[in-house]
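A.B. asks: Below is the structure, and that's it, no one-letter string:
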């Protein structure tokens, strides 16, 4: 956040560091979600492991 708003008052700020951080968080969460959903598709897991 600091890098993307450093020169905000001069209207020369760069949004790329924030977008890089934000998209990194979204990607990490998507990969985590995808891993959890793939566990549900495995029918050999007991119910307590699925939860």
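C.D. replies: Everything's here; your move. From a predicted model like this one, the values you see are computed outputs, not experimental measurements.

A.B. asks: In the protein, where is pLDDT below threshold?
C.D. replies: 1-9, 43, 50-51 (pLDDT under 70).

A.B. asks: longest helix anywhere in it?
C.D. replies: Longest helix in the chain, counting residues (DSSP state H): helix 16-40.

A.B. asks: Can you give me the buried ones in the helix or strand following that helix?
C.D. replies: Heading C-terminal from helix 16-40, the first helix or strand you meet, by DSSP states H and E, is helix 47-50. For helix 47-50, a neighbour-count test (16 or more other Cβ atoms under 10 Å) marks nothing as buried. In short, each C-beta sits where N, CA and C put it, glycine included.

A.B. asks: Helix 47-50 packs against which elements?
C.D. replies: helix 16-40 (3 or more Cβ pairs under 8 Å, 6 or more residues apart in numbering; DSSP states H and E).

A.B. asks: Tell me which residue lies farthest from the centre of the protein.
C.D. replies: residue 10 (30.2 Å; Cα atoms, centre = their mean).

A.B. asks: and that one, what does it touch?
C.D. replies: With Cβ atoms under 8 Å, 6 or more residues apart in numbering as the criterion, no residue contacts residue 10.

A.B. asks: Only the buried residues of the longest helix of the chain, if you could.
C.D. replies: Neighbour counts over helix 16-40 (16+ other Cβ under 10 Å) mark no residue as buried.

A.B. asks: list the helices and strands that helix packs on?
C.D. replies: helix 2-5, helix 47-50.

A.B. asks: Next, count neighbours for residue 14.
C.D. replies: By the measure other Cβ atoms under 10 Å, the count of residues near residue 14 is 13.
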